[in-house]
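[1] Build me a model from this:
(one chain, ligands or ions: 2)
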Amino acid sequence: TRTTRPQRLLQAVSINAVRGDPDSVIKAIDHFCKHTEWAMNVGDEKGAILDLVVMETCPSTVLELGTYCGYSTVRITRLLPPATKLITVEMNPEYAHVARQVIQHAGLQDKVCVLEGESADLIPKMANMFGIQAFDFVFLDHWKDHYLPDIRLLEDCGLLAQGSVVLADNVVCPGAPDYLNYVRYNLKYSSRFYQAHLEYTRVLDGLERSEYQGD
Ligand SMILES: O=C(CSCCNC(=O)c1cc(-c2ccc(F)cc2)cc(O)c1O)c1ccc(O)c(O)c1
Ligand SMILES: [Mg+2]
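    Ligands and ions are numbered 1, 2, ... in the order given. Sure, this is the predicted structure:
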């Protein structure tokens, strides 16, 4: 069988990006997705918003649900100070394998832990696995119908604290209506919407930033 899309994306990175240079990895993936083959990375337009939200949060503990090829993992981790850790969860082993190589090409492997498995299984184990109390920043980019159950699970596991920021991709396309309804009308969150477009297209999409107000 032919290569897979993630493998073709990785090849574009290994050919066009400079080892140890996260910005060149980001540029190589965006170029590949714009000119060769669309892929479901957060992309450059929404990625710039992600960068701003990460920078204003200055997180020391970060969780990403939905690694795919590691594009947003690299975007976020490149902005983190040396002592911070990013945990990213991917249920598809093939995606996880490609992501580890993309992250390594960017030279960020020491700051990232790629966990393979279901977010619902892994979230309850994280406090013990990593000796953390709460996540300062969470990026949701996995199955859109898992956003709501997983944010509730994070609450129940005490992994969100006052001021924790949850940023969700694709709240318009493909959409996460139950999640949006929850964070927008629940007093535990203060939410705002960033209008943008589906990566590499003119289709409307956006990010939702929700700040946990505490228990
Ligand atoms: O794909 C998954 C689920 S995780 C990726 C979630 N992300 C998305 O689905 C996602 C989708 C789109 C999008 C796609 C088609 C459109 F026409 C429009 C939008 C955009 C995004 O930015 C996304 O993040 C998976 C998991 C485990 C497996 O074993 C497996 O085979 C597959
Ligand atoms: Mg997405």
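
[2] For ligand 2, what is the nearest residue in the protein?
    Going by Cβ to the ion, ligand 2 is nearest to Asp169 of the chain, at 3.7 Å. In this view, the C-beta of every residue, glycine as well, is placed from N, C-alpha and C.

[3] Pretty sure that residue sits against Val42.
    Yes. Between Asp169 and Val42 there is a contact under Cβ atoms under 8 Å: 5.4 Å.

[4] Between these two, which contacts overlap?
    Taking Cβ atoms under 8 Å, 6 or more residues apart in numbering as the criterion, Asp169 and Val42 both touch Ser72, Asp141.

[5] what's the burial count for Tyr185?
    Neighbour count of Tyr185, defined by other Cβ atoms under 10 Å: 9.

[6] Next one, pLDDT for it please.
    With respect to pLDDT, Tyr185 scores 97.

[7] residues in the chain within reach of ligand 1, list them.
    Residues of the chain found near ligand 1 (Cβ under 6 Å from any ligand atom) are 40, 66, 68, 91-92, 141-143, 169-170, 173-174, 198-199.

[8] and of the residues you listed, the nearest to His31?
    Checking those against His31 by Cβ to Cβ gives Glu199 as the nearest, at 13.0 Å.

[9] Next, the contact list for that closest one, please.
    For Glu199, the contacting residues are Cys33, Trp38, Met40, Asn41, Val42, Gly43, Asp44, Glu45, Lys46, Asp205, by Cβ under 8 Å, 6+ apart.

[10] Now that we're looking at the closest residue to Arg19 other than its chain neighbours, what pLDDT does it have?
    Spatial nearest neighbour of Arg19, chain neighbours left out: His105 (5.9 Å); criterion: Cβ to Cβ, 6 or more residues apart in numbering. Looking at His105, its pLDDT reads 98.

[11] thought His105 was touching Val13?
    Yes. Assessed by Cβ under 8 Å, His105 is found in contact with Val13 at 5.4 Å.

[12] what residues do the two have in common as contacts?
    Common neighbours of His105 and Val13, using Cβ under 8 Å, 6+ apart, are Val25.

[13] need the residues of the protein near ligand 2, please.
    Contacts of the chain with ligand 2, taken as Cβ under 5 Å from the ion, map to Asp141, Asp169, Asn170.

[14] The last one against Lys144, yeah?
    Which is Asn170. Yes. Between Asn170 and Lys144 there is a contact under Cβ under 8 Å: 6.0 Å.

[15] ok so Gly214 is a helix residue?
    No. Read with DSSP: H, G, I helix; E, B strand; the rest coil, Gly214 is coil and lies in no helix.

[16] quick one, what contacts the spatially closest residue to it that is not a sequence neighbour?
    Nearest residue to Gly214 in three dimensions, chain neighbours excluded: Gln162, at 3.4 Å (Cβ to Cβ, 6+ apart). Going by Cβ under 8 Å, 6+ apart, Gln162 touches Tyr212, Gln213, Gly214.

[17] who are the neighbours in contact with the first one?
    When the contact criterion is Cβ under 8 Å, 6+ apart, the partners of Tyr212 are Glu155, Leu160, Ala161, Gln162, Gly163, Ser164, Val165, Val166, Lys188, Tyr189.
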